[in-house]
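**Q** just need the structure, nothing else, for what follows:
(one chain, ligands or ions: 1)
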Amino acid sequence: MSDFEKIITFLREYDGPDVRLMEVCGTHTGAIARNGIPSMLSPHIHLISGPGCPVCVTVTAVIDRLVELAEKENTVVLTFGDLILVKGTAKSLADAKADGGHVEMVYSPLDTVRMAQQDPSKEYVFAAIGFETTTPVYAMVLQEAIEKNIHNLKLLTSLKTMPNVIRWVCENGGNIDGFIAPGHVSVITGSRAYEELSQEFQIPFVVAGFEGPQLLATIYALTGMRGHAGVRNLYREAVTPEGNPAAQEMVNRYFEPSDASWRGMGTIAGSGMTLRKEYAQYDAGSYGLDEDHMPAGCSCASVLTGKISPVQCPLFGKSCTPDNAHGACMVSTEGSCYNYFISGRKD
Ligand code: SF4
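**A** Prediction:
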């Protein structure tokens, strides 16, 4: 029997104490669904999705502010992917666009600089949503705008960082036995970013890639490490202990740590990044955007914190589907509800 076959057999036949493992990365949530991993595990190994989908954890005040900007004369909101469909208190950016608001999707971040440069009569606002992985991209946009002396491009930031939200999960009864540490985030932060948390909560972390066998090896490692502190890196082709110092330096030049508001969790100290004061002229009004209004009946807050599985939401698969999403967790391709739905996962 090969090592891989031994892992598969162990995970299928595991009969020890129940193990609850959380993936805190939306891309892992999607990869777990695509690879059918839950169906390969013993009923004693539970995978729980955490707060790692950037669109899902964005509070409605941020969406509302973007809608307000899109409806202003001579202002254009620029955004990546899924955010356009997430509802704020009354409207999504897609609704605002349908009502005549100015919203454009961008595929390359530097397109934002080109658009602002080509049309100085308008103000362009780039929705800067994401984790450690995408913050260097926004720093690069800012650097480019500054170097080209462009003043009609601003950022509306809702940037989050992982360590303190993981701490929040540990402190708020997540009952997690191990974390599948986020692969993309770890490329930037390095695997050392989890050592303090691991020691503090005596909980293991394993950095994982996104292929099925890598994820299975990660779950195998975490099951064996249950009850012990430790950080292992099973994504060595991309992640080093120290991360990417050039990207970290770029981020720290333009952004500084701040408190941040998370859907379902409230404000978590030191869990975000905002523009440094000296770059405030590039901010489109990101401060104080804390309010959150969940759609009626939506349980995204409980799903994001691992308190319930998406299938336990009474609306799941009934009135809430990807074609008619009530909450952000069903809108985003990284959302747990979306991934449970498309993969037919039932646990
Ligand atoms: Fe919200 Fe829909 Fe998920 Fe329920 S299934 S938690 S309504 S997004």
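
**Q** which SS state does C170 fall under?
**A** For C170, the secondary structure call by DSSP: H, G, I helix; E, B strand; the rest coil comes out as helix.

**Q** roughly how far does the residue nearest to it when sequence neighbours are not counted sit from E195?
**A** Of all residues not flanking C170 in the chain, F201 sits nearest, at 4.6 Å (C-beta to C-beta, 6 or more residues apart in numbering). For glycine as for every other residue, the C-beta is placed from the backbone atoms N, C-alpha and C. In this view, F201 and E195 are 12 Å apart by C-beta to C-beta, to the nearest Å.

**Q** kindly report the same for I32.
**A** 25 Å.

**Q** more neighbours: the two, which one.
**A** More neighbours surround I32 than the other of I32 and E195, with 25 against 15 (other C-beta atoms under 10 Å).

**Q** in which helix or strand does the more buried one reside?
**A** helix 26-34 (DSSP states H and E).

**Q** hey, where'd the helices end up in the protein?
**A** In the chain, the helices defined using DSSP state H lie at 3-13, 26-34, 60-70, 93-98, 110-118, 135-147, 162-171, 183-189, 195-201, 212-225, 245-254, 300-304, 328-331, 336-343.

**Q** tell me which of those helices is the most buried.
**A** helix 328-331 (a mean of 30; mean count of other C-beta atoms under 10 Å).

**Q** about what we covered before: my guess is the residue nearest to C170 contacts N172. True?
**A** No: the pair F201 and N172 does not pass the contact test of C-beta atoms under 8 Å, sitting 11.9 Å apart.

**Q** stretch 278-293 and the ligand, any residue contact?
**A** No: between stretch 278-293 and the ligand, judged by C-beta under 6 Å from any ligand atom, nothing touches; the nearest distance is 13.0 Å.

**Q** where in the stretch 51-200 of the chain is pLDDT low?
**A** Applying pLDDT under 70 to the stretch 51-200 of the chain flags the ranges 174.

**Q** close to the ligand: what parts of the protein are there?
**A** Residues of the chain lying near the ligand (C-beta under 6 Å from any ligand atom): 298-300, 303, 310, 313, 315-316, 320, 326-327, 329-330, 337.

**Q** quick one: the strands in the stretch 201-347 of the chain?
**A** Remark: strands assigned in the stretch 201-347 of the chain by DSSP state E, counting those that start in this stretch are 204-207, 230-233, 255-262, 266-275.

**Q** which of those is buried the deepest?
**A** Highest mean neighbour count among the strands of the stretch 201-347 of the chain (mean count of other C-beta under 10 Å): strand 204-207, with a mean of 27.

**Q** elements contacting that strand?
**A** Secondary-structure packing of strand 204-207 (3 or more C-beta pairs under 8 Å, 6 or more residues apart in numbering; DSSP states H and E): strand 178-181, helix 195-201, helix 212-225, strand 230-233.

**Q** paired strands for the last one, with orientation please.
**A** I take that to be strand 230-233. Looking at strand 230-233 with DSSP bridges, its partner strands are strand 204-207 (parallel).

**Q** quick one: contacts of the strand it pairs with?
**A** Strand 204-207 has contacts (C-beta atoms under 8 Å, 6 or more residues apart in numbering) with 177-183, 186, 191, 194, 197-198, 218, 221-222, 225-226, 228-235, 239.

**Q** one more time with 6 Å, if that's ok
**A** Residues from elsewhere that reach strand 204-207, judged by C-beta atoms under 6 Å, 6 or more residues apart in numbering: 178-179, 181, 186, 191, 194, 198, 218, 221-222, 225, 230-235, 239.

**Q** what's the burial count for the closest residue to Y107 other than its chain neighbours?
**A** Nearest residue to Y107 in three dimensions, chain neighbours excluded: F80, at 7.9 Å (C-beta to C-beta, 6+ apart). Neighbour count for F80, taken as other C-beta under 10 Å: 20.

**Q** quick one: F80 from M105, how far?
**A** Taking C-beta to C-beta as the measure, F80 falls 7 Å from M105.

**Q** buried stuff in stretch 80-87?
**A** F80, D82, L83, I84, L85, V86, K87 (16 or more other C-beta atoms under 10 Å).

**Q** in this structure the second one contacts V55, no?
**A** By that I understand D82. Yes: the pair D82 / V55 is scored as a contact, 4.8 Å apart, by C-beta atoms under 6 Å.

**Q** who touches both of the two?
**A** S332.

**Q** rewinding a little: just put the helices and strands packed on strand 204-207 in a markdown table and tack on distance to S261.
**A** Shown next, in a markdown table, are those (distance: least, C-beta to C-beta, whole Å):
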| stretch | distance to S261 |
| --- | --- |
| strand 178-181 | 22 |
| helix 195-201 | 21 |
| helix 212-225 | 30 |
| strand 230-233 | 28 |
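
**Q** of the ones you listed, which is nearest E249?
**A** helix 195-201 (21.0 Å; C-beta to C-beta).

**Q** tell me how far that closest one lies from the chain's centre.
**A** 21 Å (C-alpha atoms, centre = their mean, to the nearest Å).

**Q** alpha carbons of that helix, in PDB - could you do that?
**A** Only the C-alpha atoms of helix 195-201 are listed here, as PDB (Å, rounded to 0.1, in the frame of the first residue of the first chain):
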ATOM      1  CA  GLU A 195       3.100  29.900  15.800                       C
ATOM      2  CA  GLU A 196       2.000  32.300  18.500                       C
ATOM      3  CA  LEU A 197      -1.700  31.200  18.100                       C
ATOM      4  CA  SER A 198      -0.700  27.600  18.100                       C
ATOM      5  CA  GLN A 199       1.100  27.900  21.400                       C
ATOM      6  CA  GLU A 200      -1.500  30.200  23.000                       C
ATOM      7  CA  PHE A 201      -4.400  27.800  22.300                       C
END
